[in-house]
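sequence and computational prediction follow.
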Amino acid sequence: MNTSRRRFLAGLSVLAVAPVLAACGSDSGGGTAATDSPSGSAAPEEAAFPVTITHKYGETTIESAPKRVVCIGLTDQDTLLALGVVPVGVTYWFGDEELKGIYPWAQEALGDAELPTLLKDTNGVEIEKIAGLAPDLIIGQYAGLTEQDYKKLSAMGVPVVAQNGDYTDYGTPWDEAALTLGAAVGKPKAAQELVDSVKKRIADEAAAHPEFKGQTAAVITPWEGLFIYGPEDPRSRMLTDLGFDLHRVITDADDSEFGISLSAERTADLGDIGTAVWIDFDADKQVREIFEGTPAYAEGRWCNISDADGSYYVAHSFVTPLSIPYLLDRYVPQLVAAADGDPKTEPPAVTS
């Protein structure tokens, strides 16, 4: 299994990421020394501060506009960039590490600004490296920050905003995450306008494709058998926002908010699905061969997104205000081809 695939799988579920995000400080030594140059940001909106934000571990008050923001959420940088705030540190998830968390859909928003420092959480939150960046705000929305690490970060005397406690870790909807990020950097109105514009784009796609409505769908990946994403996962939410209903395999399951793991043999249960969105379909020979024997496969009711698809592969999981338009340009044509039930209709190739 390649490095990108392993890192991607680390974000599959709370159970999968819990060991990765175990409460321990970084053992990587000193961090990158901070400079006097703040992250790029426009002036905050009038009366935006002070602001108090409620999160999983309590409340955090931010007294003034932050200038050095560190993202411990895996996708938070996109919203900040869209609002004109360039973070000084971002946390790597998966994909091309050389891009430092700034993918094609976000590069225009970055402009000529300096790329942020890349943080890694594979051995725990890099406390020392974050301290070395001299942040004045640490925030994580698409995150699974532990209470112990929250306390360690707060001990720096810097405002720390953890993930929303109303949802499972890594389960905060993209729009709510964006509004929280906007409030934290003093741009709540701009964040609302951003969210509204992206929601309109999604609604327009749904309206343009009434064939999606009422059809069952699921996002699936071969992982220790079969993993099917649940209703609180952003990838599933995107399908339902486009008009699909989640397949009964996931909706009938107990404790399936983020997703469920099934044995490979259960792949046959997806035989009647309207549209199957596979991630890395070829990763497990047994799963692939079982699905190839189903009516859904025979009718061409599936598409596959793999790491060979580059940034599109990453965009499918990012689900942010910046990545969604980029994603929809590539994703919707694939869904259309899969949803028509005609095996002669091949999902179009995508470009990164």
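Alright, I've got the coordinates.

all helices for this protein, in order.
3-9, 14-17, 77-82, 104-110, 127-132, 147-154, 174-184, 188-208, 234-241, 248-251, 285-291, 295-298, 311-318, 323-339 (DSSP state H).

show me what the fifth one is packed against.
Using 3 or more CB pairs under 8 Å, 6 or more residues apart in numbering; DSSP states H and E, the elements in contact with helix 127-132 are strand 117-119, helix 147-154. Where you see a C-beta, it was placed from the backbone N, CA and C, and this is true even at glycine.

could I get those as CSV with mean pLDDT and distance to Tyr92?
Shown next, in CSV, are those (pLDDT from 0 to 100; distance: least, CB to CB, whole Å):
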stretch, mean pLDDT, distance to Tyr92
strand 117-119, 97, 5
helix 147-154, 97, 17
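
number of residues surrounding Thr221?
Here the count is done by other CB atoms under 10 Å, and Thr221 has 23 residues near it.

just the pLDDT for the closest residue to it other than its chain neighbours.
Distance criterion CB to CB, 6 or more residues apart in numbering; nearest residue to Thr221, sequence neighbours excluded, is Ile279 at 4.1 Å. Here the pLDDT value assigned to Ile279 is 97.

and what of Asn123?
84.

and for it, the neighbour number?
14.

Ala308 too?
11.

tell me the spacing between the spatially closest residue to Val287 that is not a sequence neighbour and Ala143.
Leaving aside its sequence neighbours, Val287 sits nearest to Pro222 (CB to CB, 6+ apart; 4.3 Å). Taking CB to CB, to the nearest Å as the measure, Pro222 falls 26 Å from Ala143.

so which of those two has more stuff around it?
Per other CB under 10 Å, whichever of Pro222 and Ala143 has more neighbours is Ala143, with 28 against 21.

give me the neighbour count for the nearest residue to Ile62 once chain neighbours are set aside.
In this structure, Ile62 finds its nearest non-sequential neighbour in Pro159, 4.9 Å apart by CB to CB, 6+ apart. By the criterion of other CB under 10 Å, Pro159 has 20 neighbours.

show me the domain layout of this structure.
According to automatic domain parsing, the chain comprises the domains 3-25+46-198, 209-339.

now the last one, how far from the chain's geometric center?
Right, domain 209-339. 15 Å (CA atoms, centre = their mean, to the nearest Å).

go on, the longest one?
Relative to the mean C-alpha coordinate of its chain, domain 3-25+46-198 is positioned 11 Å out (CA atoms, centre = their mean).

that older thread, least reliable of the domains of the chain going by mean pLDDT?
Minimum mean pLDDT among these: domain 3-25+46-198, a mean of 89.

so what's the residue count around the residue nearest to Thr221?
Neighbours around Ile279, by other CB under 10 Å: 24.

ok, the closest residue to Pro50 other than its chain neighbours to Glu46 distance?
In space, and not counting its chain neighbours, Pro50 is closest to Glu63: 4.8 Å by CB to CB, 6+ apart. Taking CB to CB as the measure, Glu63 falls 16 Å from Glu46.

quick one on the thing from earlier: in TSV: the domains of the chain, plus distance to Glu346.
Converted to TSV, the domains of the chain look like this (distance: least, CB to CB, whole Å):
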stretch	distance to Glu346
domain 3-25+46-198	24
domain 209-339	6
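
mind checking which of those domains is nearest Pro348?
domain 209-339 (5.0 Å; CB to CB).

quick one: end-to-end distance for the closest one.
Length of domain 209-339, first residue to last, CA to CA, to the nearest Å: 10 Å.

no further questions, thank you.
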